[in-house]
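Student: show me how the following folds:
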Amino acid sequence: MLKRKDLVDVGDSNYGERANEIIECQDCGVESGGTRGDLWQMPMDEVFRCPDCDSTDLALVVKHIIYKIVKE
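Tutor: Numbers count the residues shown, from 1 in each chain. Predicted coordinates:
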């Protein structure tokens, strides 16, 4: 269960390290913003639900893009 209080905020000391986190639904793959400011209208203890499938199986994730050379 992911709650707003689990998200990083601009004022947090580790914001620089966590600024690229996003919320991803583990059931359907929908992604959304991952900072408290993105979801400022929600209470801190409210459990997030996926806007597409209504699941509560959400995770904070960081995307890593890897480029693979296919021809030089």
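Student: phi, psi of V47?
Tutor: Per-residue torsions, V47: phi -80, psi 130 (degrees, to the nearest 10).
Student: what's the burial count for it?
Tutor: When neighbours are counted by other C-beta atoms under 10 Å, V47 registers 11. To be clear about C-beta, it is placed using only N, CA and C from the backbone, and glycine gets the same treatment.
Student: would you map the strands across this structure?
Tutor: For the chain, the strands defined by DSSP state E cover 22-25, 31-33, 58-61.
Student: deepest of the ones you listed, which one?
Tutor: Most buried of the strands of the chain by mean neighbour count (mean count of other C-beta atoms under 10 Å) is strand 22-25; its value is a mean of 20.
Student: tell me the strands beside that strand, with direction?
Tutor: Note on strand 22-25: by DSSP bridges, its sheet partners are strand 31-33 (antiparallel), strand 58-61 (antiparallel).
Student: what stretches of this structure score poorly on pLDDT?
Tutor: Across the chain, nothing is flagged by pLDDT under 70.
Student: so who does the residue lying closest to P51 once chain neighbours are set aside touch?
Tutor: The shortest distance from P51 to any residue that is not its chain neighbour, by C-beta to C-beta, 6 or more residues apart in numbering, is 6.6 Å, and that residue is V30. Contact criterion C-beta atoms under 8 Å, 6 or more residues apart in numbering gives E24, C50, P51, D52, C53 as the residues in contact with V30.
Student: any idea how far M42 is from S13?
Tutor: In this view, M42 and S13 are 23 Å apart by C-beta to C-beta, to the nearest Å.
Student: good, we can wrap up now.
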